[in-house]
Every structure is written in C-alpha cells, then in structure tokens.
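Peer 1: Here is a sequence with its predicted model. Questions after.
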Amino acid sequence: MCVYNRPFDDQSQPRIMIETQIFIMLWMMISKGRFDLVNSFALEYENSKNPNIENMLRISDFLGYSTKYITCDENILDRSLELEKWGLMGMDAVHIACAEKAKADFFITCDDDLIKKLERIDNIGITCYNIINFVSMEVFKR
C-alpha cells in the first residue's frame with residue numbers, strides 16, 4: 001500500500017519525489033498492458049482504512065486496473081502466520097502471501113525494512129524489490 005500512497009506523500013523529500021515519479025511511470029506501463037497488476041482483499045482492506053477519502057478513492061481507481069484479484073482463504077492466512085515467524089508484521093505478511101498465491105512475478109514496495117526482512121527468508125516464492133531497484137532491474141532491461 002505504501003507504493004500507492006507515494007503520490008500523496010510529502011514531495012519535498014527527494015526520495016519520495018523519485019519514487020512518485022517511478023510510480024507514475026509504472027502506472028502508465030500498467031495502463032498500457034506492459035505489466036499486470038494484482039489486487040487483493042488485503043490491499044482493499046488497508047485502503048479502506050485510509051483517513052483521506054479522496055486518496056482512498058484514487059487508490060481504488062488504481063486498483064481497478066488489476067487483472068487478477070486474490071480473495072482471503074485459509075492458505076493465505078496460514079502462510080501469513082508462517083511469514084510472521086520470520087519477523088514480518090501482520091499486513092506485510094498477508095500482502096506477501098497474496099502475491100505468492102497470485103504467482104506474481106514481483107512484489108514492489110517502498111519499505112526498506114520490509115525488503116531487509118524478506119531477504120532473510122529462505123522460502124519466499126516471489127522476487128521482492130524496492131520500487132527504485134525494480135525499475136533498474138526489471139523495467140530498463142526490457
């Protein structure tokens with residue numbers, strides 16, 4: 001969810017401004033079909049808690065471009081609990097479990113602490129990137 005909120009964060013911070021520009025670039029690529037977007041019950045739940053209604057509605061519009069939707073099931077909840085044992089926080093674990101269930105090629109975040117935790121987990125079934133590294137590693141090579 002941090003990636004979707006980037007355009008609404010304080011743009012006077014250089015890193016946030018760069019991540020916002022990357023988000024816009026990726027958004028254009030998604031809208032043109034270059035990448036597929038996965039939505040989930042977890043993203044929608046987290047977005048529903050956004051205190052800024054206008055931002056929440058815009059993010060809902062972004063999520064509407066998804067080509068796949070992951071619903072909650074027992075396997076996701078079990079996998080989330082397993083991931084929490086590795087130090088992931090509740091919603092982060094659920095997001096990763098959803099991405100794994102979707103068989104997504106990538107999980108993209110702006111959360112450096114989450115990336116560090118994910119690097120320590122042996123059996124992550126997805127490639128995880130900081131949004132800036134994703135562009136360097138996956139977008140520019142295509």
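Peer 2: Here it is on my side, so go on.

Peer 1: can you give me the helices in this protein?
Peer 2: In the chain, the helices defined using DSSP state H lie at 2-5, 14-31, 41-48, 53-63, 74-84, 90-102, 112-119, 131-134.

Peer 1: deepest of those, which one?
Peer 2: helix 90-102 (a mean of 22; mean count of other C-beta atoms under 10 Å). For the C-beta atoms, the positions are set from N, CA and C on the backbone; glycine is no exception.

Peer 1: average pLDDT across stretch 55-67?
Peer 2: Mean pLDDT, stretch 55-67: 96.

Peer 1: Pull the residues that contact that stretch.
Peer 2: By C-beta atoms under 8 Å, 6 or more residues apart in numbering, the surrounding residues in contact with stretch 55-67 are 1, 4-5, 8, 27, 30-31, 36-39, 43-44, 47-48, 50.

Peer 1: between those, which is nearest Glu100?
Peer 2: Within these, the smallest distance to Glu100 is 10.6 Å, found for Val38 (C-beta to C-beta).

Peer 1: hang on, isn't the closest one packed against Ile70?
Peer 2: Yes - assessed by C-beta atoms under 8 Å, Val38 is found in contact with Ile70 at 6.5 Å.

Peer 1: Cys128 and Cys72: what is the separation?
Peer 2: The gap separating Cys128 from Cys72 is 21 Å, by C-beta to C-beta, to the nearest Å.

Peer 1: Cool, thanks, talk later.
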